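Asker: One predicted model, sequence on top.
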Amino acid sequence: MRAFTYAALPMRVVFGPGSLARLPEEVAALGLTRVLVLCSPEQEATGHQVAAALGDRSAGVLAEARMHVPVEVAHRAQALAAELGADGCVAVGGGSAVGLGKAIALEHGLPVIAVPTTYAGSEMTPVWGLTADGVKKTGRDPRVLPVSVVYDPELTLTLPVPMTVTSGFNAVAHAVEGLYAPDATPVVSLMAAEGARALLGALPRIVADPVDLDARGDAQYGAWLCGAVLGATTMSLHHKLCHALGGTLDLPHAPTHTVVLPHALAYNTPAAPDAVTALGLGPAPARALWDLAGDLGAPRSLADLGMIEADIDRIADLVVGNPYANPRPVTREGVRRLIGAAWSGDSPT
Ligand code: NAD
């Protein structure tokens, strides 16, 4: 076994069907008396449901969360939190709502309580992101890590099946890269293997019956573990590729992860035998994920997500521009081939 350093992130998790009812206790236990509820416009009704449950402890609802946290939205949220005298935020929704809570935490140091309704995993990480003039800046700051996370699978019953599948693959991508991360540790690797197992087992059951609460619970349990892996390890080629594709070409976050993951894993498979074993998907896990994505009706080509062929070289240049840890050396030619295959929807090799 190789040497490692393990530092646990402070995290408090309340999990289970109906656990939204415990949110007021969580807010009170933290001594918060006026929290601002954040959500996306599409989930405004859920935001108001949460605010109603909080009663006097709710300072209001801001339903303006957007993908990649545009800086104008962050400024409005920061100003509103100050104007209302909020002493904390409750972010209800996916990575966009949690990201907005993090933007307020970064500016005012207010604690964030997250109530995740997708499988993106942002609630488990100290990573923030802000987008100005089409450029997304990210950073790590312990103040943005949510102080409490309430996972209620009942809130995920409404997540449309296509989004469920791609969000699930987004989470599995964290587990995959956590397994071969330069700072992988035995505990986090166990979480990664278990998280991927739970999610990949749950997704076909959800596609068969989107309101199967047990399957939704298993998926969210997997998402928690995969998110914790994202927060604990350094991501490699796959996440760099998705960051470049999302940031430069504005491709949708979770579908991009879904298309790229089998190809990035195929690229790294020869150099990451322990990760392959831990995933338990046989000797060709990349092909297994690609097949599963197809069976579940997920997108498998970047062209279908709106990327034009001429951008393949541009993204390849970006991804090899800065060095980062990856189990297999990242070459321009190898990355060009990987993106080309993901663009055309070929099976991973
Ligand atoms: P999202 O939060 O943008 O949600 C997508 C859409 O789904 C929204 O319209 C939302 O309202 C809707 N939705 C969410 N849950 C729903 C539900 N249960 N029922 C019905 N509709 C629902 O998408 P996402 O994929 O969760 O998050 C993506 C964003 O999160 C990106 O900006 C990404 O960069 C960021 N992210 C950050 C981290 C981090 O560690 N900082 C980690 C993962 C993702």
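Answerer: Cool, the structure landed.

Asker: mind exporting stretch 162-176 as PDB, just the C-alpha atoms?
Answerer: What follows is the C-alpha trace of stretch 162-176 in PDB, where atoms were taken according to Å, rounded to 0.1, in the frame of the first residue of the first chain:
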ATOM      1  CA  PRO A 162     -32.900  12.500 -18.600                       C
ATOM      2  CA  MET A 163     -31.500  14.900 -16.000                       C
ATOM      3  CA  THR A 164     -31.500  12.100 -13.400                       C
ATOM      4  CA  VAL A 165     -29.300   9.900 -15.700                       C
ATOM      5  CA  THR A 166     -26.900  12.600 -16.700                       C
ATOM      6  CA  SER A 167     -26.600  14.000 -13.100                       C
ATOM      7  CA  GLY A 168     -26.000  10.400 -11.900                       C
ATOM      8  CA  PHE A 169     -23.100  10.000 -14.400                       C
ATOM      9  CA  ASN A 170     -21.800  13.400 -13.300                       C
ATOM     10  CA  ALA A 171     -21.600  12.000  -9.800                       C
ATOM     11  CA  VAL A 172     -20.000   8.700 -11.000                       C
ATOM     12  CA  ALA A 173     -17.300  10.800 -12.700                       C
ATOM     13  CA  HIS A 174     -16.200  12.200  -9.300                       C
ATOM     14  CA  ALA A 175     -15.900   8.600  -8.000                       C
ATOM     15  CA  VAL A 176     -13.900   7.400 -11.000                       C
END
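
Asker: mean confidence for that stretch?
Answerer: For stretch 162-176, the mean per-residue pLDDT is 98.

Asker: going forward, begin numbering at 830 instead of 1
Answerer: Understood, numbering begins at 830; the last thing we discussed is stretch 991-1005.

Asker: buried sites along that stretch?
Answerer: Within stretch 991-1005, the residues that count as buried by 16 or more other Cβ atoms under 10 Å are 991-1005. Every residue, glycine included, has its C-beta placed from N, CA and C.

Asker: Spell out which residues of the stretch 930-1079 of the chain are next to the ligand.
Answerer: For the stretch 930-1079 of the chain, the residues in contact with the ligand (Cβ under 6 Å from any ligand atom) are 946-947, 949-951, 954, 956, 958, 984-985, 987-988, 992, 996, 1059.

Asker: surely Glu855 meets Ile942?
Answerer: Yes: counting by Cβ atoms under 8 Å, Glu855 does reach Ile942; the two are 6.0 Å apart.

Asker: Packing partners of the helix or strand of the chain with the lowest mean pLDDT?
Answerer: Here the helix or strand of the chain ranked lowest by mean pLDDT, DSSP states H and E is strand 964-969, holding a mean of 89. The contact analysis (3 or more Cβ pairs under 8 Å, 6 or more residues apart in numbering; DSSP states H and E) places strand 964-969 against strand 956-961, helix 1066-1078.

Asker: any shared contact partners between Glu855 and Ile942?
Answerer: The overlap between the contact sets of Glu855 and Ile942 (Cβ atoms under 8 Å, 6 or more residues apart in numbering) consists of 977, 979.

Asker: Those two - which one has more neighbours?
Answerer: Remark: of Glu855 and Ile942, Ile942 carries more neighbours, 25 against 19, as counted by other Cβ atoms under 10 Å.

Asker: Could you look up the SS state of that one?
Answerer: Three-state assignment for Ile942 (DSSP: H, G, I helix; E, B strand; the rest coil): strand.

Asker: and it, what are its bridge partners?
Answerer: Ile942 forms beta bridges with Val919, Ser977, as assigned by DSSP bridges.

Asker: per-residue confidence for it?
Answerer: Checking the pLDDT column for Ile942, the value is 98.

Asker: Where do the domain boundaries of the protein fall?
Answerer: The record assigns the chain these domain ranges, following automatic domain parsing: 842-985, 990-1173.

Asker: and the residue nearest to the spatial centre of the chain, what is it in contact with?
Answerer: Central residue check for the chain by Cα atoms, centre = their mean: the C-alpha nearest the mean position is that of Ala949, 2.4 Å away. With Cβ under 8 Å, 6+ apart as the criterion, the residues that contact Ala949 are 923-924, 927, 996, 999-1000, 1052, 1056, 1082-1083.

Asker: Grab the nearest non-local neighbour of it.
Answerer: Distances taken as Cβ to Cβ, 6 or more residues apart in numbering put Gly924 closest to Ala949, at 3.7 Å, once the chain neighbours are dropped.

Asker: Can I get the helix ranked longest in the chain in CSV, CA atoms only?
Answerer: Using DSSP state H to assign secondary structure, the helix with the most residues in the chain is helix 1015-1037. These are the backbone C-alpha positions of helix 1015-1037, laid out as CSV (Å, rounded to 0.1, in the frame of the first residue of the first chain):
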residue,chain,number,x,y,z
PRO,A,1015,-8.1,4.1,1.3
VAL,A,1016,-11.2,5.6,3.1
VAL,A,1017,-12.1,7.9,0.2
SER,A,1018,-11.6,5.1,-2.3
LEU,A,1019,-14.1,3.0,-0.4
MET,A,1020,-16.5,5.9,-0.6
ALA,A,1021,-15.9,6.2,-4.3
ALA,A,1022,-16.4,2.5,-5.1
GLU,A,1023,-19.6,2.4,-2.9
GLY,A,1024,-20.9,5.7,-4.4
ALA,A,1025,-20.5,4.5,-8.0
ARG,A,1026,-22.0,1.1,-7.1
ALA,A,1027,-25.1,2.7,-5.5
LEU,A,1028,-25.7,5.1,-8.3
LEU,A,1029,-25.1,2.8,-11.2
GLY,A,1030,-27.4,0.3,-9.6
ALA,A,1031,-30.1,2.8,-8.9
LEU,A,1032,-30.2,4.6,-12.3
PRO,A,1033,-31.8,1.7,-14.3
ARG,A,1034,-34.4,1.3,-11.5
ILE,A,1035,-35.3,5.0,-11.7
VAL,A,1036,-35.6,4.9,-15.5
ALA,A,1037,-38.0,2.0,-15.1
